[in-house]
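Peer 1: here is a sequence with its predicted model. Questions after.
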Amino acid sequence: CRLDPYDGLPESYLIHGGRTPNNEISSSLYLLTMDSRGCNRKLTLCCKEKELVGEVPGARYGHTMSMVQSHGKIACVLFGGRSYMPAGERTTETWNSVVDCPPQVFLFDLEFGCSSAHTLPELSDGQSFHLALAREDCVYFIGGHSLTLDSRPPRLFRLRVELLQGSPLLSCETLDTGISISSAIISRTGPTHRYIILGGYQSDSKKRMECSTVILDEKGIQFEHLEPPNWIPDIIHSRTWFGGSAGEGTIVLGV
(Lines give C-alpha, C1' and ligand atoms only; values in the text may rest on other atoms or scores of the structure.)
Protein backbone atom coordinates (compact mmCIF):
# COMPACT_ATOMS: atom_id res chain seq x y z
CA CYS A 1 0.00 0.00 0.00
CA ARG A 2 1.58 3.29 -1.12
CA LEU A 3 1.39 6.43 1.01
CA ASP A 4 1.83 9.71 -0.84
CA PRO A 5 4.18 12.28 0.74
CA TYR A 6 2.38 14.45 3.31
CA ASP A 7 3.25 16.91 6.11
CA GLY A 8 6.88 16.89 5.04
CA LEU A 9 7.12 13.10 5.25
CA PRO A 10 8.61 11.21 2.27
CA GLU A 11 6.85 8.67 0.09
CA SER A 12 6.33 5.43 2.00
CA TYR A 13 4.76 1.97 1.77
CA LEU A 14 2.82 -0.24 4.17
CA ILE A 15 3.57 -3.98 4.07
CA HIS A 16 1.35 -6.44 5.92
CA GLY A 17 1.29 -10.22 6.11
CA GLY A 18 2.35 -12.47 3.28
CA ARG A 19 3.38 -16.08 2.83
CA THR A 20 7.00 -17.22 3.01
CA PRO A 21 8.67 -20.04 1.01
CA ASN A 22 8.42 -22.10 4.22
CA ASN A 23 4.63 -21.70 4.13
CA GLU A 24 4.61 -19.45 7.17
CA ILE A 25 1.98 -16.69 7.14
CA SER A 26 2.80 -13.38 8.80
CA SER A 27 0.63 -10.92 10.71
CA SER A 28 3.31 -8.22 10.99
CA LEU A 29 2.89 -4.67 9.70
CA TYR A 30 5.86 -2.68 8.43
CA LEU A 31 6.33 0.89 7.25
CA LEU A 32 8.92 1.27 4.49
CA THR A 33 10.05 4.83 3.83
CA MET A 34 12.16 6.14 0.97
CA ASP A 35 14.10 9.37 1.17
CA SER A 36 16.34 10.95 -1.45
CA ARG A 37 17.06 14.26 0.24
CA GLY A 38 20.55 15.64 0.64
CA CYS A 39 23.17 17.06 -1.68
CA ASN A 40 23.93 13.75 -3.40
CA ARG A 41 20.27 12.66 -3.67
CA LYS A 42 21.21 9.22 -2.36
CA LEU A 43 18.18 6.96 -1.92
CA THR A 44 17.76 5.72 1.64
CA LEU A 45 15.36 2.95 2.66
CA CYS A 46 14.13 2.57 6.22
CA CYS A 47 11.83 -0.23 7.42
CA LYS A 48 10.11 -0.17 10.83
CA GLU A 49 7.59 -2.54 12.33
CA LYS A 50 4.32 -0.89 13.38
CA GLU A 51 2.40 -2.18 16.38
CA LEU A 52 -1.40 -2.28 16.26
CA VAL A 53 -3.77 -2.41 19.24
CA GLY A 54 -7.46 -3.25 19.46
CA GLU A 55 -9.11 -5.56 16.93
CA VAL A 56 -6.00 -6.54 15.01
CA PRO A 57 -6.07 -8.40 11.65
CA GLY A 58 -4.61 -11.88 11.86
CA ALA A 59 -1.96 -13.47 9.68
CA ARG A 60 -2.99 -13.62 6.01
CA TYR A 61 -1.93 -13.29 2.39
CA GLY A 62 -3.74 -12.35 -0.81
CA HIS A 63 -5.42 -9.34 0.84
CA THR A 64 -5.38 -5.62 0.04
CA MET A 65 -4.61 -2.40 1.90
CA SER A 66 -5.77 1.05 0.81
CA MET A 67 -5.54 4.57 2.21
CA VAL A 68 -8.67 6.71 2.65
CA GLN A 69 -9.06 10.40 3.50
CA SER A 70 -12.06 11.88 5.29
CA HIS A 71 -12.69 14.99 7.39
CA GLY A 72 -9.00 15.87 7.33
CA LYS A 73 -7.90 12.44 8.58
CA ILE A 74 -6.32 9.43 6.91
CA ALA A 75 -6.67 5.74 7.72
CA CYS A 76 -5.75 2.38 6.25
CA VAL A 77 -8.38 -0.12 5.08
CA LEU A 78 -7.47 -3.83 5.05
CA PHE A 79 -9.75 -6.45 3.52
CA GLY A 80 -9.77 -10.07 2.39
CA GLY A 81 -7.07 -12.67 2.17
CA ARG A 82 -6.44 -16.27 3.16
CA SER A 83 -4.98 -17.93 6.20
CA TYR A 84 -4.56 -21.37 7.69
CA MET A 85 -7.64 -23.13 9.01
CA PRO A 86 -8.15 -22.27 12.72
CA ALA A 87 -6.31 -24.67 15.03
CA GLY A 88 -9.53 -25.96 16.61
CA GLU A 89 -10.91 -27.00 13.21
CA ARG A 90 -7.84 -28.79 11.85
CA THR A 91 -7.50 -32.52 11.42
CA THR A 92 -4.50 -34.62 10.50
CA GLU A 93 -5.47 -34.33 6.83
CA THR A 94 -6.17 -30.58 6.90
CA TRP A 95 -3.46 -29.29 9.24
CA ASN A 96 -2.02 -27.04 6.52
CA SER A 97 -5.24 -26.21 4.63
CA VAL A 98 -5.98 -22.57 3.88
CA VAL A 99 -9.38 -20.90 4.07
CA ASP A 100 -10.86 -17.52 3.21
CA CYS A 101 -10.46 -15.04 6.04
CA PRO A 102 -13.79 -13.79 7.46
CA PRO A 103 -15.11 -10.89 5.32
CA GLN A 104 -14.31 -8.20 7.86
CA VAL A 105 -12.98 -4.75 7.07
CA PHE A 106 -10.13 -3.60 9.32
CA LEU A 107 -9.54 0.10 9.78
CA PHE A 108 -6.46 1.48 11.51
CA ASP A 109 -4.64 4.76 11.86
CA LEU A 110 -0.88 4.97 11.61
CA GLU A 111 -0.39 7.69 14.21
CA PHE A 112 -1.77 5.80 17.22
CA GLY A 113 -1.93 2.25 15.83
CA CYS A 114 -5.58 1.75 16.82
CA SER A 115 -7.31 -0.97 14.80
CA SER A 116 -11.01 -1.82 14.57
CA ALA A 117 -12.90 -4.59 12.74
CA HIS A 118 -16.17 -3.98 10.92
CA THR A 119 -18.72 -6.42 9.50
CA LEU A 120 -20.95 -5.27 6.65
CA PRO A 121 -23.91 -7.28 5.30
CA GLU A 122 -22.92 -6.71 1.67
CA LEU A 123 -19.57 -8.43 2.27
CA SER A 124 -20.89 -11.89 3.06
CA ASP A 125 -18.13 -14.08 1.58
CA GLY A 126 -14.38 -14.02 1.92
CA GLN A 127 -12.29 -13.14 -1.11
CA SER A 128 -8.62 -12.92 -1.95
CA PHE A 129 -6.31 -11.84 -4.76
CA HIS A 130 -8.79 -9.09 -5.63
CA LEU A 131 -7.97 -5.49 -6.57
CA ALA A 132 -8.58 -2.45 -4.39
CA LEU A 133 -8.57 1.15 -5.60
CA ALA A 134 -9.15 4.16 -3.36
CA ARG A 135 -10.18 7.76 -4.00
CA GLU A 136 -10.77 10.11 -1.08
CA ASP A 137 -13.21 8.32 1.29
CA CYS A 138 -14.09 5.41 -1.03
CA VAL A 139 -12.43 2.06 -1.71
CA TYR A 140 -13.50 -0.16 -4.62
CA PHE A 141 -12.99 -3.93 -4.31
CA ILE A 142 -12.80 -5.55 -7.76
CA GLY A 143 -13.01 -9.26 -8.59
CA GLY A 144 -11.12 -11.76 -6.48
CA HIS A 145 -11.23 -15.50 -5.88
CA SER A 146 -13.45 -17.24 -3.34
CA LEU A 147 -12.28 -20.58 -1.95
CA THR A 148 -15.72 -21.21 -0.48
CA LEU A 149 -17.40 -20.80 -3.88
CA ASP A 150 -14.34 -21.99 -5.87
CA SER A 151 -14.98 -19.24 -8.39
CA ARG A 152 -14.07 -15.72 -9.46
CA PRO A 153 -17.43 -13.92 -9.37
CA PRO A 154 -17.58 -10.53 -11.16
CA ARG A 155 -17.74 -8.60 -7.91
CA LEU A 156 -17.54 -4.86 -7.44
CA PHE A 157 -18.08 -3.21 -4.07
CA ARG A 158 -17.81 0.44 -3.08
CA LEU A 159 -16.84 0.93 0.55
CA ARG A 160 -17.29 4.42 1.98
CA VAL A 161 -15.40 5.37 5.14
CA GLU A 162 -16.30 8.48 7.14
CA LEU A 163 -13.65 9.23 9.75
CA LEU A 164 -15.96 10.97 12.20
CA GLN A 165 -14.98 12.25 15.61
CA GLY A 166 -15.18 9.29 17.95
CA SER A 167 -16.16 6.27 15.86
CA PRO A 168 -15.78 5.81 12.09
CA LEU A 169 -18.85 5.14 9.96
CA LEU A 170 -18.56 2.50 7.22
CA SER A 171 -21.10 1.70 4.50
CA CYS A 172 -20.91 -0.61 1.50
CA GLU A 173 -22.70 -0.76 -1.84
CA THR A 174 -22.75 -3.59 -4.38
CA LEU A 175 -22.26 -2.35 -7.97
CA ASP A 176 -23.19 -4.30 -11.10
CA THR A 177 -20.24 -3.46 -13.36
CA GLY A 178 -17.63 -5.80 -11.88
CA ILE A 179 -15.23 -8.06 -13.74
CA SER A 180 -14.20 -11.67 -13.13
CA ILE A 181 -10.50 -11.53 -12.34
CA SER A 182 -7.93 -12.51 -9.73
CA SER A 183 -4.21 -11.89 -9.18
CA ALA A 184 -4.18 -9.02 -11.67
CA ILE A 185 -1.62 -6.22 -11.86
CA ILE A 186 -2.66 -2.61 -11.59
CA SER A 187 -0.63 0.47 -12.47
CA ARG A 188 -1.48 4.14 -12.08
CA THR A 189 -0.95 6.08 -15.29
CA GLY A 190 -0.64 9.62 -13.94
CA PRO A 191 -1.50 12.07 -11.17
CA THR A 192 -5.23 11.57 -11.69
CA HIS A 193 -7.06 8.41 -10.70
CA ARG A 194 -6.54 6.52 -13.95
CA TYR A 195 -5.24 2.96 -13.84
CA ILE A 196 -4.41 0.05 -16.12
CA ILE A 197 -5.46 -3.50 -15.21
CA LEU A 198 -3.38 -6.21 -16.87
CA GLY A 199 -2.81 -9.91 -16.36
CA GLY A 200 -4.46 -12.14 -13.82
CA TYR A 201 -6.76 -15.11 -14.27
CA GLN A 202 -10.36 -15.68 -15.35
CA SER A 203 -10.25 -19.30 -14.13
CA ASP A 204 -7.66 -21.70 -12.71
CA SER A 205 -6.59 -22.70 -16.22
CA LYS A 206 -7.26 -19.50 -18.17
CA LYS A 207 -5.20 -16.33 -18.03
CA ARG A 208 -6.93 -13.00 -18.63
CA MET A 209 -5.31 -11.67 -21.80
CA GLU A 210 -7.47 -8.54 -22.01
CA CYS A 211 -6.53 -5.14 -20.60
CA SER A 212 -8.73 -2.48 -19.05
CA THR A 213 -8.52 1.16 -18.08
CA VAL A 214 -10.14 2.12 -14.78
CA ILE A 215 -11.14 5.70 -13.97
CA LEU A 216 -12.17 6.93 -10.53
CA ASP A 217 -13.90 10.30 -10.29
CA GLU A 218 -16.61 12.07 -8.32
CA LYS A 219 -19.25 10.05 -10.20
CA GLY A 220 -17.80 6.67 -9.23
CA ILE A 221 -15.84 4.06 -11.17
CA GLN A 222 -15.67 3.42 -14.93
CA PHE A 223 -14.11 0.55 -16.87
CA GLU A 224 -12.92 0.97 -20.47
CA HIS A 225 -11.48 -1.61 -22.84
CA LEU A 226 -7.80 -1.10 -23.60
CA GLU A 227 -6.11 -2.73 -26.58
CA PRO A 228 -3.71 -5.34 -25.16
CA PRO A 229 -0.07 -5.51 -26.25
CA ASN A 230 1.09 -8.00 -28.84
CA TRP A 231 1.82 -10.84 -26.46
CA ILE A 232 4.97 -12.82 -27.24
CA PRO A 233 4.58 -16.63 -27.60
CA ASP A 234 6.23 -17.30 -24.22
CA ILE A 235 3.49 -15.34 -22.49
CA ILE A 236 0.67 -16.72 -24.63
CA HIS A 237 1.60 -20.35 -23.96
CA SER A 238 2.67 -20.03 -20.32
CA ARG A 239 0.42 -21.61 -17.71
CA THR A 240 1.17 -19.00 -15.05
CA TRP A 241 2.37 -15.43 -14.99
CA PHE A 242 3.11 -12.80 -12.39
CA GLY A 243 4.46 -9.28 -12.09
CA GLY A 244 3.92 -5.84 -10.67
CA SER A 245 3.78 -2.14 -11.35
CA ALA A 246 7.14 -0.52 -12.10
CA GLY A 247 5.97 3.08 -12.09
CA GLU A 248 3.39 5.19 -13.83
CA GLY A 249 1.92 3.12 -16.65
CA THR A 250 4.76 0.57 -16.61
CA ILE A 251 4.34 -3.10 -15.68
CA VAL A 252 6.93 -5.88 -15.33
CA LEU A 253 5.78 -9.42 -16.21
CA GLY A 254 7.38 -12.79 -15.58
CA VAL A 255 6.38 -16.31 -16.66
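Peer 2: Done, it's in. In this text, all values refer to a predicted model and were calculated from it rather than measured experimentally. Numbering: from 1, shown residues only.
Peer 1: just the helices from the stretch 101-250 of the chain, written as ranges.
Peer 2: Per DSSP state H, counting those that start in this stretch, the stretch 101-250 of the chain carries helices over the ranges 233-237.
Peer 1: show me the shaky parts of the chain.
Peer 2: Residues of the chain that meet the criterion pLDDT under 70 lie in 6-9, 37-41, 92.
Peer 1: who does the most centrally placed residue in it bridge with?
Peer 2: For the chain, the residue lying nearest the average C-alpha position, counting by Cα atoms, centre = their mean, turns out to be residue 64 (2.3 Å). Taking DSSP bridges, one finds residue 79 as the beta-bridge partners of residue 64.
Peer 1: got a list of what it touches?
Peer 2: If you count contacts by Cβ atoms under 8 Å, 6 or more residues apart in numbering, residue 64 has them with 1, 78-80, 130-132, 141. Using the backbone N, CA and C atoms, a C-beta is placed for each residue, glycine as well.
Peer 1: from residue 138, how far out is the closest residue in space to residue 120 that isn't next to it in sequence?
Peer 2: Spatial nearest neighbour of residue 120, excluding adjacent residues (Cβ to Cβ, 6 or more residues apart in numbering): residue 172 at 4.4 Å. Taking Cβ to Cβ, to the nearest Å as the measure, residue 172 and residue 138 are separated by 10 Å.
Peer 1: now do the shared contacts for the two.
Peer 2: Contacts common to residue 172 and residue 138, judged by Cβ under 8 Å, 6+ apart, are 158-160.
Peer 1: among the residues you listed, who's most crowded?
Peer 2: The most neighbours of any of those, using other Cβ atoms under 10 Å, belong to residue 159, which has 25 neighbours.
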